[in-house]
Every structure is written in structure tokens, then in C-alpha cells.
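Trainee: Give me a model of this one.
(2 chains)
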Amino acid sequence: MLFSEEDLTALLLTLKLATTVTALLLLLGTPLAWWLARTASRWRHPVNALVALPLVLPPSVLGFYLLVFMGPRGPLGELTQALGLGTLAFTFPGLVLASVIYSLPFVVQPIQNAMEALGRRPTEVAATLRAAPLDRFFSVVLPLARPGLLSATVLGFAHTVGEFGVVLMIGGNIGGETQVVSVQVYNHVEALDYASAHRLSLVMLGFSFAVLLVLYMFNPTTQRGQAR
Amino acid sequence: MTGIAARFALQHPGFSLDVDLQLPASGVSVLFGHSGSGKTTLLRCIAGLQRAPLGELRVLGEVWQSAKNFLPTHRRPIGYVFQEASLFDHLSARGNLDYACKRAPRVSDGTSFDEAVDLLGIGELLDRRPAQLSGGERQRVAIARALLIQPRLLLMDEPLAALDLPRKLEILPYLERLKRRLDLPIIYVSHAADEVARLADYLVAMEKGRALAAGSLAETLSRLDFPIRLGEDAGVVLEGTIAERDRKWKLARVRFDGGEVWLRDGGHAVHSEVRVRILARDISLAREAQRDSSIVNALPATVVELSADEHAGLALVRLAVRDENSGASSYLVSRLTRRSAHQLGLQPGMPIWAQIKSVALI
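Mentor: Numbers count the residues shown, from 1 in each chain, chains lettered A, B, ... in the order given. Model (predicted):
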């Protein structure tokens, strides 16, 4: 057996986390990106800044705030306790929530950029062809923003797989619940089990390279010298 | 009134639109003016793509905009052709046409897919992507798409302006065909005199966001006070039919209201309807019919009015030609020097011979 049972669990958990988070982010991030791309509201600058915050904030700081927020005395913690759900810290749902926030800019920004680059013309054309607003969004905006959506999916997934600081702060190290690959590598190194650390790290390395390769191969903006 | 009644007022920094217009319910109405005259803004207001804070719009008996109502673009029965390529890049030419077909209201006497494809000559292009089409081909697909939404009013925003001359000449015949074959009112924005001459039935002159003058093509082009000077292009456009073709001399006789002219045979069959353009600079005047002259066309006319031209040495004369039997008449415009006008003693009501040096079939 190449991987221990613990390592396999960590790999599967990482996959499950990244898939869940990416799906949620596409669902939430796409409308948010569309709003940011189109709105003239004065709230757009603060919202843009909030979305981008995880890019600059140290993961430990973000994790710390989330921990307080979800903790027994935090506003979300009090809500979840009142609902009889306990607190989210050190649970898989807590990890999902933290990852959604942490990876938000990696999903919203590519989609927003792609939508801004479309300009108003395609939706105007669709309106003159009797497409209602929702119809315009699905039949014109989404297909035309596809390169941005693809980048967003890949980046959101990859970034969630790669997170470490936030997980450690709010998820801890609970096998099968919050123990993801990045944390497991850390555990192996701590235990001086370099062989296991190597194996898991190699998986991560291969995965990351593959993701970036896919991104560059399919993103039309990076295609060069290809006949159209 | 079953035509189009439009009243819009809007203010932007450095630009304002303030128009009150009545347009006919059939034929091609051209909004004519230089860039920045507000013609595209007016068209966008009619389409509902832009909302004038003060606006009233009634089209073919329906209210599209009033103080209380604003019908959004997607609920207006319009077709819209944009100036530059507007095809959806993620769809093939056929996909673009289907996009319209799927969303078009069911109408009994509408344009079918095959008719639109045939009318614009795009049968060969259907499986191509927009990126694989030339500018002219893209515009033809866009026009077909606008027809397939089954509009009751077609709006065209300088559809030829982004094309070079050969492409433009490639599309103009399709537009003429479309105009002849479909009973669909068209509002056409243009700043090109040749498009006006070939397509317009009704002309609105725009400048600085105002509509300065409006009227039928024959009337507006012959008006000496028409606010937009066409410069060297000043002249009239007459609609007529081919009455005769002279095989020997390769000439055709075109009869129009009030007279007829000979011109080069353009290959049109007898009885076909044509437009001819006679420029003001190509008409000279004489008191008596000239016998020994190379000029083929000389028409007896009456001076209607005289006015100064742009250059102080020149004058424009409006002439009426009239068929005594039928009473039908048309107007011509002649440009001559003020000295000639003085020497001829031109006065309104005076009979005169209009010698036409050149007539163009358009």
C-alpha cells in the first residue's frame, strides 16, 4: 500500500472539501461577479475590497477572526448554538465556510474580469432579440464568460486544496473531519516521517502542476499563434 | 395617427437631445446628420436601450414610453441592426439566427428562416462562426437575425458605416431588396448621402440633438432651405420606371412624374422601378431649347424659387417639371453662377429649359 489509511482519508477529505467549496463558490460568486461587473452602486468599491481581502490578509489572521466569529461567544457561534447545531469550529462545515471566504477572490475576480470585458453590447443585442434579463444572463453572458468561469473553477479548487493556515486555525487536525492533505504533510514532518511526507507532497506537486497546465492550455487569452 | 410619434428630451454633459417627430408607418425613414448630431441616441431611445427622462413614444398605435410607462427593450417588437458586428461569438451563424427564431412571437405572415436566408444570400455561411465571416457577411447575418425576430419596426444604426466601399456596395442591393419585398417600416441612421439617395423615402435632418427638418425624400432634397447642405452632392432623387430600352445606342428611357430622361442602359428590364439621381451641378438652364447641343436631356420647366448657395458666387434654383396631361410633377434643383441667374433674368414662375448633363441610375 502506497498510502496509509490516514493519508488516504486526508486525500479524500481534501477532494471533498475542494469540490464542495468550488461548487458553492461558483453558485455564490457568479451572481456576485455579475453584480460587481455591472453595478454603478457606491457599494461596489467596499464590496470589491472585501472580496479581495483574503488575497492580502495572512491566513492566520483570517483564521483567527473566523475562529472568534464561529466560537461560542461569536455572533455565528451564538446563532448555531441557538439552532442546536453546536459551534462550527473544528467541524467540516466550519472548514467549508472558512474556505469559501478564503478562496472567494480566486473565483469572483476571473469571472468579474471576463464579464467586464464583454461590455454592454451582447446584452443589448440579446434585449433587441426579445431575451428577458435572466434569459440574457444564461444565454449570452455565461457562455461568453466561459473562459473566466473555467479559470475561476480551476483556481478556486486549487486554492482550496492548497490552504493550510486557515485550516489549522479553525479546523485543527481531526482525522476524517478536518485533517486535509496539507495538514497531514505537516504532521508527517513533525513526526520525522519524511517518506510519507514525500509521497503526499509529490501528489500535491503533480496536482498543482496539472491544474496550472490545464489553465494555460484552455484559457483563450493565453493562446498564441493559433488560427481562429 | 398610426405611424411613429416620438418626443424625447435628455441631457448629458456636452450633449442634449430634444426632438419631436412624426415618422410614417411604412418605407424607410432616414435619420441623417453628422456624427454627434444625436441620431444614434434617438434610435436607441426608440429601441428602449437608452431611457430619456422626458419621453413619449407611440409606435403603430401602441404606447412604448410615456410619463408613467416604459416598455423594456425585450418587450418591444423591434429588430435592431447595430453599426459594428454584433453577432454572438459563441454561436455559429445558424445559431445566431436560431436565437432569434426561438424568441420570436408567432406570426402568421412573418419572415421564414428560408426567406431571410435567401433575402440576404447567406445560405453558404450558416455553419461558420462569426470569426470566420467577413465584415459584410457578418452584417448580412445580423440583418437576417433582426428580421427573424419578426419585428414590426426595423431599426438600423449605420449598418454600413464600419465597412469599406466594396463591402458597402455588396450589401446595399440586399437592403434595397429587403425594402421592396417586406412591408416593414424601417428607421435607418446614416451620414452618407449615397445611402440616403438609394434607400430613403422619408428624411429627417438632425444637428446638435435637434431634428431640423423632415419630409419625403423628393420634397426635402429639392428644398433650397434644407438645413443640411450636401455640398457637391446637392441634387434630387426621382423614382421612375424604365419605359423603353434603345438597343442601338445602349440607352434607356426613364419616365418619372412630370417628365422623362434618357440615360445609359443599366440592364434593367422595361417596366422595372428605378431611382435616378440628378445632381444640381449637372443641370444648366437655357431660355430656348438648344438644337445643336450634345445634351440629351432637356426638359421644359418652371422656376419655383431661387436662393444663395454656400459660395457667394453661386445660386440654387428650384424647378418644377410638369406633365400637362396627367398633372403629375417633380422638382429639380439646378446650381449655377449668380451672374448666369442674373443674365437669364430668372424669376419665380418663369418658363425655362433644364438641360441635364448627367443622370445616374442608383
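Trainee: wouldn't A:Leu215 be in contact with A:Val154 here?
Mentor: Yes. A:Leu215 lies in contact with A:Val154 (CB atoms under 8 Å); the separation is 5.0 Å. All C-beta atoms are positioned from the backbone trio N, CA, C, and that covers glycine.
Trainee: Comparing the two, which residue is more hemmed in?
Mentor: A:Val154 (21 against 17; other CB atoms under 10 Å in any protein chain shown).
Trainee: State the helix or strand in which that one lies.
Mentor: Using DSSP states H and E, A:Val154 maps to helix A:146-162.
Trainee: Looking only at that helix, what residues are buried by neighbour count?
Mentor: A:147-162 (16 or more other CB atoms under 10 Å in any protein chain shown).
Trainee: low pLDDT regions in the stretch 1-150 of chain B?
Mentor: Within the stretch 1-150 of chain B, the stretches with pLDDT under 70 are B:1.
Trainee: Pull the contacting residues for A:Gly29.
Mentor: A:Gly29 sits next to A:Leu104, A:Val107, A:Val108, A:Ile111, A:Ala152, A:Gly156 when contact means CB atoms under 8 Å, 6 or more residues apart in numbering or on different chains.
Trainee: Secondary structure class of residue 37, three-state.
Mentor: Going with chain A. helix (DSSP: H, G, I helix; E, B strand; the rest coil).
Trainee: right, and it touches A:Arg120 too?
Mentor: No. If you go by CB under 8 Å, A:Ala37 and A:Arg120 don't touch, sitting 10.3 Å apart.
Trainee: So for those two, which sits in the more crowded spot?
Mentor: Comparing A:Ala37 with A:Arg120 by other CB under 10 Å, the one with more neighbours is A:Ala37, at 20 against 10.
Trainee: Once you drop chain neighbours, what's closest to that one?
Mentor: A:Met115 (3.9 Å; CB to CB, 6 or more residues apart in numbering or on different chains).
Trainee: burial count for that neighbour?
Mentor: 23.
Trainee: Please identify which helix or strand holds residue 100.
Mentor: The chain I'm using is chain A. Here A:Val100 is assigned to helix A:92-118, by DSSP H and E.
Trainee: was after chain B, sorry
Mentor: Using DSSP H and E, B:Ala100 falls in helix B:93-103.
Trainee: Among the contacts of A:Gly29, which one sits closest to chain B?
Mentor: A:Ile111 (15.9 Å; CB to the nearest CB).
Trainee: got a list of what the closest residue to A:Phe137 other than its chain neighbours touches?
Mentor: Residue nearest to A:Phe137 in three dimensions, not counting chain neighbours: A:Trp34, with 6.9 Å by CB to CB, 6+ apart. Neighbour list for A:Trp34: A:Ile111, A:Met115, A:Phe137, A:Val141 [criterion: CB under 8 Å, 6+ apart].
Trainee: Is it possible to get a markdown table of those residues that adds pLDDT?
Mentor: Shown next, in a markdown table, are the contacts of A:Trp34 (pLDDT from 0 to 100):
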| residue | pLDDT |
| --- | --- |
| A:Ile111 | 96 |
| A:Met115 | 96 |
| A:Phe137 | 96 |
| A:Val141 | 96 |
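Trainee: quick one: which of the residues you listed has the most company?
Mentor: In those, the most neighbours by other CB under 10 Å go to A:Ile111, 29 neighbours.
Trainee: quick one: it and A:Thr160, what's the gap?
Mentor: Distance of A:Ile111 to A:Thr160, given as CB to CB, to the nearest Å: 16 Å.
Trainee: ditto for B:Gly240
Mentor: B:Gly240 sits at a distance of 75 Å from A:Thr160 (criterion: CB to CB).
Trainee: could you dump the helix holding B:Ala100 to PDB, C-alpha only?
Mentor: Coordinates of each C-alpha in helix B:93-103 appear next as PDB, following Å, rounded to 0.1, in the frame of the first residue of the first chain:
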ATOM      1  CA  ALA B  93     -24.300  32.000 -38.000                       C
ATOM      2  CA  ARG B  94     -27.200  29.500 -37.900                       C
ATOM      3  CA  GLY B  95     -27.100  29.500 -34.100                       C
ATOM      4  CA  ASN B  96     -27.400  33.300 -34.200                       C
ATOM      5  CA  LEU B  97     -30.400  33.100 -36.400                       C
ATOM      6  CA  ASP B  98     -32.000  30.400 -34.200                       C
ATOM      7  CA  TYR B  99     -31.500  32.600 -31.200                       C
ATOM      8  CA  ALA B 100     -34.000  35.000 -32.800                       C
ATOM      9  CA  CYS B 101     -36.300  32.200 -34.100                       C
ATOM     10  CA  LYS B 102     -36.700  30.700 -30.600                       C
ATOM     11  CA  ARG B 103     -37.700  34.100 -29.100                       C
END
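Trainee: tell me what the next helix or strand after that helix is packed against?
Mentor: Per DSSP H and E, the first helix or strand lying C-terminal to helix B:93-103 is helix B:113-120. When contacts are defined as 3 or more CB pairs under 8 Å, 6 or more residues apart in numbering or on different chains; DSSP states H and E, helix B:113-120 packs onto helix B:93-103, helix B:135-148, helix B:165-181.
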